[in-house]
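Participant: Sequence and predicted structure are below.
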Amino acid sequence: MRSAATGWGERCPRVRGVVAVFLLGTLFFASGLTAIAADDGDDFQEAIFVGDSDGSNLKRLADFDGYKSQGSPCWSSDGQFIAFDACKPQLGQQQFIDGHIIVVKADGTNPRDLGPGMLPSLSPKGHRVAYCRHPQMGAAGVYMMELSAPDTPALVDEKGWGAEWSPDGTRLAYTRGRNLRLYDLIEGTFTSILDDEQSGIASIRWNFCWSPDSRRIAFVADTTDKRQVVAIANADGEKHKAEIIYEGNMGPAVAWRPLQNEILIENSTEDRPGFQSLFAVKVEAPGEPVRMAAKPVDRRLRNPAFSPDGKKLAVSVFARLPGDD
């Protein structure tokens, strides 16, 4: 999820730190709904794969016309659609400037390009998508748009970043500075859920996640005493400290595994340092992370996202070789 002033990540390059300060922007959206043709090439950099909930049996979602860098997948609540962001690095594109939001059926058919943006989050019913735009895209902040009218987005917060829809559909969570902010879509109100002075959090990374019951939010953060942690905060509007369940060096994205009540994190593997894979940390009885079943030797796994029923996992896979498993 490093701050915006320190590195933009490994791929495309994808932003790997929380964007803490945004420039003022005006409401702007380019590009309408367009179809994506199949790409005959197999030499991708990073693609979305879907498999079993333990990370096994991963299969490539589909080939998408030149979008060879794909990340941050999310599901609709009925499990019928997957959204993600993508760019074309072979054309010199960069994710935080040139990224587009793609929505596709979970079987890889009927892909649609919704235009510029990144870090999508589908509403539970799949009719709307929340997403972010970087200042260099021309209009920074968190936005929402109807999938049926992608050319008329609504600005939520010009200084927000990394929005995630609550499973019950009532709230949108995003980072603003070093806090988590909730936008109540019913009441139209905003609430910060951490105490800036007492929480011990210096920055919150992107691709955090809600608990399945919409009561808690798990996230990777840097603390004021220079630690990197996985923490959980209650989404009840009361300002308080976050509960730390794991400390270590990890990637920004986390996912709440519904049936096992675990948090998936991105961590380096012992057998191949520098190659991230997925590890599970228990929510109620945290201990050392346990590596998931999938153990590729030539691929990095990151940006995990569970289907709402907890039976499927979407993940972005970085690979140099073609193939599905």
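Facilitator: All right, it came through fine.
Participant: Which parts of this protein are helices?
Facilitator: For the chain, helices defined by DSSP state H occupy the ranges 95-98.
Participant: Mind picking out the helix or strand in it with the poorest mean pLDDT?
Facilitator: With mean pLDDT, DSSP states H and E as the measure, the helix or strand of the chain carrying the lowest mean pLDDT is strand 34-35 (a mean of 40).
Participant: Roughly how far does the residue positioned nearest the centre of the chain sit from Asp65?
Facilitator: The centre of the chain sits closest to Asn207, judged by C-alpha atoms, centre = their mean, with a distance of 3.4 Å. According to C-beta to C-beta, to the nearest Å, Asn207 and Asp65 sit 25 Å apart. Backbone N, C-alpha and C define where each C-beta goes, glycine included.
Participant: Also Ser199?
Facilitator: As defined by C-beta to C-beta, Ser199 lies at a distance of 44 Å from Asp65.
Participant: How about Gly51?
Facilitator: When distances are taken as C-beta to C-beta, Gly51 and Asp65 turn out to be 23 Å apart.
Participant: who has more neighbours, these two?
Facilitator: With other C-beta atoms under 10 Å as the criterion, Gly51 and Asp65 differ in neighbour count, and Gly51 comes out ahead with 20 against 17.
Participant: Return the residues in contact with that one.
Facilitator: Under the criterion of C-beta atoms under 8 Å, 6 or more residues apart in numbering, the neighbours of Gly51 are Asn57, Leu58, Lys59, Ala294, Lys312, Leu313, Val315.
Participant: And those, which is closest to Arg300?
Facilitator: For Arg300, the closest of these turns out to be Val315, at 9.8 Å, with distances computed as C-beta to C-beta.
Participant: and that closest one, what does it touch?
Facilitator: Residues in contact with Val315 (C-beta under 8 Å, 6+ apart) are 48-51, 55, 58, 73, 278, 301-305.
Participant: Just the pLDDT for it.
Facilitator: Reported pLDDT at Val315 in the predicted model: 94.
Participant: wait, Trp210 sits on Ala163?
Facilitator: No: the pair Trp210 / Ala163 is not scored as a contact, 11.3 Å apart, by C-beta atoms under 8 Å.
Participant: Now for these two: what residues contact both?
Facilitator: Taking C-beta under 8 Å, 6+ apart as the contact criterion, the common neighbours of Trp210 and Ala163 are Ala173.
Participant: Between those two, which has more neighbouring residues?
Facilitator: When neighbours are counted by other C-beta under 10 Å, Ala163 comes out ahead of the other of Trp210 and Ala163, with 26 against 20.
Participant: okay, and for the chain, where does confidence drop off?
Facilitator: 1-44, 237-239, 271-274, 294-298, 320-325 (pLDDT under 70).
Participant: what about 50?
Facilitator: Applying pLDDT under 50 to the predicted model, the residue ranges of the chain that meet it are 1-42, 321, 323-325.
Participant: which non-adjacent residue is nearest Val142?
Facilitator: Nearest-residue entry for Val142: Gly160, 3.7 Å, with adjacent residues in sequence omitted and distances by C-beta to C-beta, 6 or more residues apart in numbering.
Participant: now swap in Ile245 and tell me
Facilitator: Computed as C-beta to C-beta, 6+ apart, the closest residue to Ile245 that is not its neighbour in sequence is Pro286, at 4.1 Å.
Participant: how close does Ala202 sit to Val142?
Facilitator: Using C-beta to C-beta, Ala202 is found at 21 Å from Val142.
Participant: The two - which one has more neighbours?
Facilitator: When neighbours are counted by other C-beta under 10 Å, Ala202 and Val142 differ, and Val142 comes out ahead with 28 against 16.
Participant: you'd agree the more buried one is up against Tyr174?
Facilitator: Yes: taking contact to mean C-beta under 8 Å, the distance of 5.0 Å between Val142 and Tyr174 places them in contact.
Participant: list the residues that contact both of those two?
Facilitator: The contact sets of Val142 and Tyr174 overlap at Ala130, Cys132, Val156, Asp157, Gly160, Trp161, Gly162, Ala163 (C-beta under 8 Å, 6+ apart).
Participant: How about the contacts made by Asp168?
Facilitator: With contact taken as C-beta under 8 Å, 6+ apart, Asp168 is in contact with Pro124, Ser214.
Participant: quick one, phi/psi of it?
Facilitator: In this entry, Asp168 is assigned phi and psi values of phi -80, psi 0 (degrees, to the nearest 10).
Participant: how far away is it from Trp161?
Facilitator: Computed as C-beta to C-beta, the Asp168 to Trp161 distance reads 22 Å.
Participant: again, but for Asp78
Facilitator: Summarising the geometry, the distance separating Asp78 from Trp161, computed by C-beta to C-beta, is 27 Å.
Participant: So these two - more neighbours on which side?
Facilitator: Trp161 (30 against 13).
Participant: I'd say that one and Val142 touch.
Facilitator: Yes: contact criterion C-beta under 8 Å: Trp161 and Val142 qualify, at 6.8 Å.
Participant: Mutual contacts of the two, please.
Facilitator: Here Trp161 and Val142 share the contacting residues Cys132, Tyr174, scored by C-beta under 8 Å, 6+ apart.
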